[in-house]
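Chemist: heads up, no residue letters with this:
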């Protein structure tokens, strides 16, 4: 995935997460996403991608369309 593709994907995620029901899960997803955004270009980026995928797997409806593309971000 290109750098532009990464930015676009990460840019689309907040809106998808915001569509999920309010509550602790959405708050956790948004917090993880925020860490992921800040970690772009660092060694911890992959860890944050994994954390987002793992949290989303429990109730993947909100970001299910992004999970495959997120997996492409992993080294």
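Modeler: That came through, no problem. Everything numeric in this text was worked out from a predicted model, so none of it was measured.

Chemist: Just the terminal-to-terminal distance for stretch 32-46.
Modeler: One end of stretch 32-46 to the other measures 12 Å (CA to CA, to the nearest Å).

Chemist: in that stretch, what's buried?
Modeler: Under the neighbour-count criterion of 16 or more other CB atoms under 10 Å, stretch 32-46 has 32, 33, 36, 45 buried. C-beta: built from backbone N, CA, C; applies to glycine.

Chemist: So what touches that stretch?
Modeler: Residues from elsewhere that reach stretch 32-46, judged by CB atoms under 8 Å, 6 or more residues apart in numbering: 6, 10, 13-14, 17, 47-49, 51-52, 55, 73-75.

Chemist: quick one, phi psi at residue 43?
Modeler: Here is the backbone geometry of residue 43 (degrees, to the nearest 10): phi -70, psi -20.

Chemist: Report the contact partners of residue 13.
Modeler: By CB under 8 Å, 6+ apart, the residues touching residue 13 are 33, 63, 66.

Chemist: Going by secondary structure, it is in what exactly?
Modeler: Here residue 13 is covered by helix 3-18, with elements defined by DSSP states H and E.

Chemist: now stretch 41-49: mean pLDDT?
Modeler: Averaging pLDDT along stretch 41-49 gives 92.

Chemist: and if you look at stretch 21-33?
Modeler: Average pLDDT, stretch 21-33: 92.

Chemist: Please identify the buried residues of that stretch?
Modeler: For stretch 21-33, by 16+ other CB under 10 Å, it's 25, 26, 28, 29, 32, 33.

Chemist: for stretch 46-60, same thing?
Modeler: 48, 49, 50, 51, 52, 53, 55, 56.

Chemist: which two in those are spaced the farthest apart?
Modeler: 48 and 56 (12.4 Å; CB to CB).

Chemist: which residues do those two both contact?
Modeler: By CB under 8 Å, 6+ apart, no residue touches both residue 48 and residue 56.

Chemist: Centre of the chain to whatever helix or strand comes next after the helix holding residue 13, how far?
Modeler: The element immediately downstream of helix 3-18 (helix or strand, assigned by DSSP H and E) is helix 24-38. How far helix 24-38 lies from its chain's middle: 8 Å, per CA atoms, centre = their mean, to the nearest Å.
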